[in-house]
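J.: mind looking at a prediction? Sequence and model below.
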Amino acid sequence: MIKIIKRQRLNIMGKTGSAFPGDLFQRRTGRPRAVLALAGMAVSFLLAACGSNKASTGNTNPPPVTNVTLSPSSATVNTGATRQFTASVSGSTDQSVVWEVDGTVGGNFVRGWISRGGVYIAPNTVPNPPTVTITAISMADASKTGSATVTIQTGSAVSVAISETVSPVIVPTFGSHTFTATVAGNSNTAVTWMVNTVVGGTAVTGTISGAGVYSAPHSAPVSTAANNDGQATDVIITARSQADATASDSVVVLAVPPQQGRYSEPIPLGTSGGNSHDRSSSGANTLCCGGTLGALVSRGGKLYILSNNHVLARTDIASIGDTIVQPALVDNDCTVSGANVVATLAQFFNLETGTSPHVDAGLAEIQPGAADPLGTIVQLGGTTNGDQPTDGTPNPGPGVAPTIGQAVAKSGSATGLTCGVILAINLSVSVEYQKGCGTGSTFTTVFQNQIDIPGVGFSASGDSGSLIVTQNTADPVGLLFGGSDSDTVANPVANVLSQLADPVTKEVPVFAGDTAAGPHPVAACSLPLPQAAAGLSLTAEVSEATAGLVRRATSARDAHLSELLALAGVQAVGVGASCDNPQEPAVLLFVKRGQPKHAFPSLVGGVRTRIVEGSFEVPAGPLSAASSTAWDHEAGAPLFIQAVEPAEVERARAVHAVHGDELLTRRGVQGVGVASSLDSPGEAALVIFVIRGMKRDPIPPVIDGLRTRIRETDRFRAR
């Protein structure tokens, strides 16, 4: 089963979390937006293992949280130093928490700061008293908390101080900020700058020069840690003394995309927004939610904002005519005060009772002058202004169909402008939604024919409703609504538009855009690093085979060696691990590049085959495991995503139509789609998405002559 999570924010006991201005992004479980009770705008949806195309109702609520425990439970930290804390939330699959220092969300200058990821930064001087309390508040149940104590002590005689008095330091994506540090107690005042303990930083977290100039990534980094999984996250900038490596100071930095802010009317799209009633309260705690106002569409002479049902219609419970605001409550201190009223809810696909094909989508009719009539989307332009991408419209019209290997981009309120590549199409997933923002009953909806885009950082909670377009022409291709720690899931735009046809005239909406400009590339995707989600590396890792896998592969190879060597194009036969499923063995067929794939068997003696192509002359005959590995590396790793011919795609679709629903019912399976094979480049494969760490039923290596490819992720959640 898979869960949906949504970007939410929680006001705790009247506090809005001033240390994290306007956005504590935390996950919830249940409805495609949220099922917790904290800050941030997160939707959590569960993909249930069922083969039906019908939605099922129920009163199931997330399991109750029993307690929260912290590790370590106590610690001693030197002034200016850091310590990582993790929380374990018992009784819930949702491990997300909000962190406090002595009762203040995010901490303060005197008692120390704590990041979204649980990294505590001690103050530069010992406070009075010297012990502080770190508290983690469960997002699943804000009444459940866990605590740890930290004793701050004076460390080295050398001290370092970064000249920042607020935390986090806000740096816009694509932007930069200069940090300065002073060193006392030593004549050597030089420091080494690090981002998340890495000297100089990385493309994902942002880079920092020796002079302290931090260059933010082009999109907000996304966490994969359990307590902040699927959320846009912060980073830690550290200055470490070169005279004494035990002396340092750190500061929390948050890369914030412009899509999150409040815009003057007429507003652009790709920005934060949602239903003005998308909030709930429990005692002194208020939870608010929101998402992304994805695009502008026209129908019947009127203009509408297109986004998800769970963003605009609160997962089926909103009323037609509800006001839609920009920014969303989650980015506006849980209030409508100061927000733009930009549209009114006009139509939504009912997630619980709607007929197939299911889509998570809705329309809101814009107020006169409230939104840019061309449908301009932030940072989606085909040009740049220095190192900044310009705004631009999608290519107007009905959009295009998704294809395997298609390069795409999106502009969303949580991560900003990100770029990626489609891994799978025709994806079937089952999603559990919760009615309301962190409250209400749950139900399950099965989605067919979905799109999967791999890569940590392509989206995060709060990006729901974003329009996904092709990188080369900015043609609409999908409407983002969910994902996991490593993948994003979207509805194809053809399904979305058809299900939002006018109920009376049956007119189908089309995307607005600048018809005079025509198609254009998304320039942001070709800008140089640092960039958090410029796209997934297309090269897959070749798994090293264990002794057990080698034995199984060798046995199968030797039993069929003569017939394999007799195949036209086969130079040698080796042994190793499968790339489609690294936990299984493979018989390696070394062939000259360009050989037709269907000339080679997919299985040999029940063991997968892997085609190793290259422009080399491999010694003829059987290869040892060591020789197989050496020649495998010589050939180079296979492409993680490769374009597949239409005939191959149709072959895979046919197998999916027969077996997809049954596979989705198997334990541990959360999605079934069509992708390219890693073991046989150019061939299609049935990609099976399985839940990482969960016991699962066996998956055949080949089904009706089609290879299967296993992809492990955590549970899919609504964004």
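T.: That came through fine.
J.: isn't there a strand covering Gly146?
T.: Yes. Remark: Gly146 belongs to a strand, assigned using DSSP: H, G, I helix; E, B strand; the rest coil.
J.: let me know the outermost residue of the chain.
T.: Here the chain reaches farthest from its C-alpha mean at Ser562, the gap being 47.2 Å by CA atoms, centre = their mean.
J.: specify the local secondary structure of that residue.
T.: Relying on three-state DSSP, one would call Ser562 helix.
J.: and the helices in the stretch 601-719 of the chain?
T.: Remark: helices assigned in the stretch 601-719 of the chain by DSSP state H, counting those that start in this stretch are 625-635, 646-664.
J.: in CSV: those helices, plus mean pLDDT.
T.: Conversion of the helices of the stretch 601-719 of the chain to CSV gives the following (pLDDT from 0 to 100):
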stretch, mean pLDDT
helix 625-635, 91
helix 646-664, 96
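J.: coming back round to it: look at the residue farthest from the centre of the chain and report its pLDDT.
T.: Each residue has a pLDDT score; the one for Ser562 is 95.
J.: lowest-pLDDT helix or strand in the protein?
T.: The weakest-scoring helix or strand in the chain, judged by mean pLDDT, DSSP states H and E, is strand 39-46 (a mean of 27).
J.: contacts only, for the residue nearest to Leu588 when sequence neighbours are not counted.
T.: Excluding its sequence neighbours, the residue lying closest to Leu588 (CB to CB, 6 or more residues apart in numbering) is Gly574, at 3.9 Å. Yep, even glycine has a C-beta here, placed from its N, CA and C like the rest. Residues near Gly574 by CB atoms under 8 Å, 6 or more residues apart in numbering: 557, 587-588, 590, 612, 622-625, 627-628, 631-632.
J.: now swap in Ala328 and tell me
T.: The contact partners of Ala328, taken as CB under 8 Å, 6+ apart, are 41, 272-274, 278, 288-291, 311, 413.
J.: same question, Arg711
T.: Arg711 neighbours (CB under 8 Å, 6+ apart): 423, 454, 487, 687-690.
J.: show me which of those are buried.
T.: Neighbour counting by 16 or more other CB atoms under 10 Å classes 423, 454, 487, 687-690 among the contacts of Arg711 as buried.
J.: just give me the neighbour total for Leu417.
T.: Number of residues near Leu417 (other CB atoms under 10 Å) recorded here: 31.
J.: phi first, then psi, for the residue nearest to Lys592 when sequence neighbours are not counted.
T.: Using CB to CB, 6+ apart and skipping residues adjacent in sequence, the residue nearest Lys592 is Gly569, 6.1 Å away. Gly569 adopts backbone torsions of phi 100, psi -20, taken as degrees, to the nearest 10.
J.: Gly569 contacts Ile611, doesn't it?
T.: No. The criterion here is CB atoms under 8 Å, and Gly569 misses it with Ile611 at 9.7 Å.
J.: these two: which is more packed in?
T.: Using other CB under 10 Å, the more surrounded residue of Gly569 and Ile611 is Ile611, with 25 against 16.
J.: surely the more buried one meets Ala586?
T.: No. Using CB under 8 Å, Ile611 is not in contact with Ala586, being 9.7 Å away.
J.: shared neighbours, these two?
T.: In contact with both Ile611 and Ala586: Asp679, using CB under 8 Å, 6+ apart.
J.: OK, contacts around the residue farthest from the centre of the chain?
T.: By CB under 8 Å, 6+ apart, Ser562 has no neighbours at all.
J.: could you do Leu254 as well?
T.: 20, 168-171, 220, 234-235.
J.: 7 Å - rerun?
T.: Counting by CB atoms under 7 Å, 6 or more residues apart in numbering, Leu254 makes contact with 168, 170, 234.
J.: so who does the first one touch?
T.: Right, the one you point to is Pro168. 20, 234, 252-254.
J.: who wins for most neighbours among the residues you listed?
T.: Most neighbours among the contacts of Pro168, by other CB under 10 Å: Asp234, with 28 neighbours.
J.: what's the residue nearest to that one when sequence neighbours are not counted sitting at in phi/psi?
T.: Sequence neighbours aside, Leu254 is the residue nearest to Asp234 in space, at 4.6 Å (criterion: CB to CB, 6+ apart). Leu254 adopts backbone torsions of phi -120, psi 120, taken as degrees, to the nearest 10.
J.: what about Leu254, distance to Thr173?
T.: Going from Leu254 to Thr173 by CB to CB, to the nearest Å gives 10 Å.
J.: returning to that earlier point: which one of the contacts of Arg711 is nearest to Ser461?
T.: For the contacts of Arg711, the residue nearest Ser461 by CB to CB is Asp487; the value is 13.9 Å.
J.: need the pLDDT of the closest one.
T.: So, for Asp487, pLDDT stands at 93.
J.: quick one: it from Ala620, how far?
T.: For Asp487, the distance to Ala620 - CB to CB - is 41 Å.
J.: next one: Ala684
T.: For Ala684, the distance to Ala620 - CB to CB - is 30 Å.
J.: so which of those two has more stuff around it?
T.: Of the pair Ala684 and Ala620, Ala684 is the one with more neighbours under other CB under 10 Å, namely 26 against 12.
J.: wait, doesn't the more buried one sit right on Ala647?
T.: No. Using CB atoms under 7 Å as the test, Ala684 is too far from Ala647 to be in contact (9.2 Å).
J.: name the residues that touch the strand or helix carrying Thr182?
T.: According to DSSP states H and E, Thr182 maps onto strand 181-184. Applying CB under 7 Å, 6+ apart, the external contacts of strand 181-184 come out as 158-162, 189, 191, 212, 239, 241, 249.
J.: kindly report the same for stretch 639-652.
T.: Stretch 639-652 is contacted from outside by 404-405, 421, 423, 536-540, 674, 676, 681-686, 706, using CB under 7 Å, 6+ apart.
J.: go on, stretch 690-704?
T.: With contacts defined as CB under 7 Å, 6+ apart, stretch 690-704 is touched by 581, 584, 602-603, 608, 655, 658-659, 666-670, 686, 688, 708, 710, 712-715.
J.: first-to-last residue distance for stretch 404-417?
T.: From its first residue to its last, stretch 404-417 covers 21 Å (CA to CA, to the nearest Å).
J.: report the distance from it to the chain centre.
T.: For stretch 404-417, the separation from the chain centroid amounts to 10 Å (computed by CA atoms, centre = their mean, to the nearest Å).
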